[in-house]
Structures are given as structure tokens and as C-alpha cells.
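In: Everything below, folded, please.
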Amino acid sequence: MVKLIIVTTGLPGSGKGTFAKVAEQLKIPVIVMGDIVRSEVVRRGLDLTPENIRRVALQLREEEGSIAVAKRVAEKIRGLESCAVVIDGVRSLDEVEVFRKLGKVVIISIEAPFEVRLGRVLKRGRVDDVSEEELRKRDELEISLGIDKVMRNAEIVIENVSTLQDFVDKSKRLLSELLRTYCY
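Out: A predicted model of the protein is given here:
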């Protein structure tokens, strides 16, 4: 049964995916909220384009409420046989409240300046990472969903502006400490 729910938040390209990879290396299950939306885009028979991803993310929330994606993630959490789980990409405090009903929640905000994030998203080449304009639109969408409030309410803030190895090392130390505190 899950005791610790580590939720990461941060604007696109801040390092949430890298943090998630570190968690997986430590055998912590990871659920990516954006993957839930991307799966819904495919389920609806739409192409995985930035516009369709944005539209479906908003439609899910309009059709089912602000916690539509979080409810889907909660179902996945209930099926886990792990002490801890990382939820990658929480966007609103309403979503955080869904997870608080399931276990101890620790919010980690991963932050980096726009120019640093832009460089990262252009390198990774995901379908919704195509230009400076698209990143600005994604930032606006995330903020409209409430991500700035989640970031301000984080218990832990990681400034991800140094080297990849430095961020990986910081993430590994932090996750190991959280596991020692809540799981061992």
C-alpha cells in the first residue's frame, strides 16, 4: 500500500521527467499525468498534436471537473504495491487534494528559467515541444490550470539550473531521504 505520494510540479522543461527517471532507478513507480492526457487524445482518435493535447486536457476538466486526470491517477495508485509513488506533473491544488486522501503527499517544485527550459524542450523532441511560441502557450495553459499555486505550496523546491549530473545527484539524495523517512 502506498504511504508516500511524491508529486512533482513545474513548467515544461523544468526537469520533471529527469526526476521521474531517477525515481524509477530507485524502484519507485512513476505515473505521468501528461501521459494520461496523451492516452485520452489517442483514445478519442485524434492525432497527438500540441493543439489536440491542449484541447483534450481542457475538455477533460470541463466534462469531468478539475480533478478528472487526478481521479484516473488515483485509480492507478490504489493498484500499487509500493510504499512510495511519484506523480509527475501535478497542475492544480485540487489534484493535490485528491492524492492527500490516499497517503502522505510531498510536493516538489522543479524550477528553471524560460530560456533554460526552452533549450531543453527543443532538444528532447516530444510532440508538444516544437517552438518558443508553443512553449509559451504551454506555460500559459499550465498557469491557467493552477500550476503556479501548486509551485508556491511546494514543501521542497529544486532549482534545476546546473548540470544534468548535478540535478540527478540532488534528485537521488532527496528521494533516498524521503524513502528513509516514510518507508523504512
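
In: for whichever helix in the chain runs longest, packing partners?
Out: Longest helix of the chain, by residue count under DSSP state H: helix 164-182. Judged by 3 or more CB pairs under 8 Å, 6 or more residues apart in numbering; DSSP states H and E, helix 164-182 is in contact with strand 4-9, helix 16-25, strand 84-88, strand 104-111, strand 156-159. The C-beta positions use only the backbone N, C-alpha and C, and glycine is treated the same way.

In: Identify the residues contacting it?
Out: Residues outside helix 164-182 that contact it (CB atoms under 8 Å, 6 or more residues apart in numbering): 3-4, 6, 15, 18-19, 22-23, 25-26, 28, 83-84, 104, 106, 108, 156, 158, 160.

In: Name the residues that touch the helix or strand hosting residue 71?
Out: For residue 71, the host element (DSSP states H and E) is helix 68-78. With CB under 8 Å, 6+ apart as the test, helix 68-78 has contacts from 2, 5, 31, 33, 36-37, 57, 60-61, 64, 85, 87, 90-91, 94-95, 98-99, 101-103.

In: That one vs strand 4-9, what angle?
Out: On the basis of axes from the mean of the first three to the mean of the last three CA atoms, to 10 degrees, helix 68-78 is oriented at 150 degrees to strand 4-9.

In: quick one: helix 68-78 to strand 84-88, angle?
Out: Angle between the axes of helix 68-78 and strand 84-88 is 160 degrees (criterion: the same axes, to 10 degrees).
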